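J.: model the structure of this input:
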Amino acid sequence: MMSNLFSIFDPTTNFFNMSLNWISTFIGLMFIPYSFWMIPNRHYMIWNFILNSLHKEFKTLLGKNSFNGSTFIFISLFTFVFFNNFLGLFPYIFTSTSHLTLSLTLSLPLWLSFMMYGWINNSNHMFSHMIPQGTPNILMPFMVMIETISNIIRPGTLAVRLMANMIAGHLLMTLLSGTGPTMPKMFIIMLIIIQILLMILESAVAIIQAYVISILSTLYSSEVN
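T.: As a prediction, the model looks like this:
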C-alpha cells in the first residue's frame, strides 16, 4: 500500500477528534518538579551550569541597556525547544518542533514584539539600520528594500531552520531503517552502527538548534535597543 513519506510527521493520532501527538509538547513540564524535591545531584548541577552560562552570554549580547530579567525569555525559549527536540528522539513520541505550527508560533510573536518596541521607542535607531554606513546615495533606495525584506523574513527563517533540521535527521533515519527487512544479514550490523551514529548526531542537532534559535532571537532583540 502506497503512503506519503512525510506521513510519519503528521499529528494524526486523535482521541475524540483531539490530537494526542501534541501532548508531547508538555512532556517537558514533567522535569520541572524534579529540581525542587530532589537533592542537588550531577544532573541538576550540569543543568544549572548551562542556564547560568546562557544567562551570562545573553546578558552580554543584549548590552547594558537591556531590562533586568530579559534573559529569562530566551532561556525559557532554549529550554522549551531543547526538551521538545530531545524528546522527539524517543520512540513513539511526536516531534512537535518539526512542524511550522509550533516553530512559527514561537518565532513570529517574538519578532513582532521586538519590531513594535523598536519602531515605537527607537524610531531613529531603527531607521539607521536600514542604510549601512558609507552607502552611496544612488544605492540607498535599494539598500532600504533589501534590509526591509531581510527583516521581514526573519521569523520565517527561524521557523524553517528549526523545522528543516529536525525533519532531515528523522527522515534519514526512517529511510535507512526501512531498508532493514530487505537488506542482507551481513549488512545489518553496519546499518545498526550507522543508526547509532545518526542518533548521536541528532542528539547534538537537538541541542544546537535550541541554542541557535535562542541566540538569534537574542541578537534580533539587541538590534532594537
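J.: ok, and what's touching stretch 189-198?
T.: Identification of contacts with stretch 189-198 by Cβ atoms under 8 Å, 6 or more residues apart in numbering yields 169, 172-173, 176-177, 179-180, 183. C-betas here are computed from N, CA, C, even on glycine.
J.: could you rerun that using 7 Å?
T.: Stretch 189-198 is contacted by residues 169, 172-173, 176-177, 180, 183 when judged by Cβ atoms under 7 Å, 6 or more residues apart in numbering.
J.: in it, which residues are buried?
T.: residue 198 (16 or more other Cβ atoms under 10 Å).
J.: show the average pLDDT along it.
T.: Here stretch 189-198 scores 87 as its mean pLDDT.
J.: and residue 211, what does it touch?
T.: Contacts of residue 211 (Cβ under 7 Å, 6+ apart): residue 78.
J.: rerun at 10 Å
T.: For residue 211, the contact set (Cβ atoms under 10 Å, 6 or more residues apart in numbering) comprises 50, 54, 57, 78, 81-82.
J.: so it: helix, strand or coil?
T.: With DSSP: H, G, I helix; E, B strand; the rest coil as the basis, the three-state label of residue 211 is helix.
J.: could you list the low-confidence segments of the chain?
T.: 1-21, 32-39, 65, 225 (pLDDT under 70).
J.: all strands of it, in order?
T.: Along the chain, counting by DSSP state E, strands occupy 14-15, 18-19.
J.: next, please give the residue ranges for the helices of the protein.
T.: 34-37, 42-62, 71-87, 100-121, 123-130, 140-152, 154-178, 188-222 (DSSP state H).
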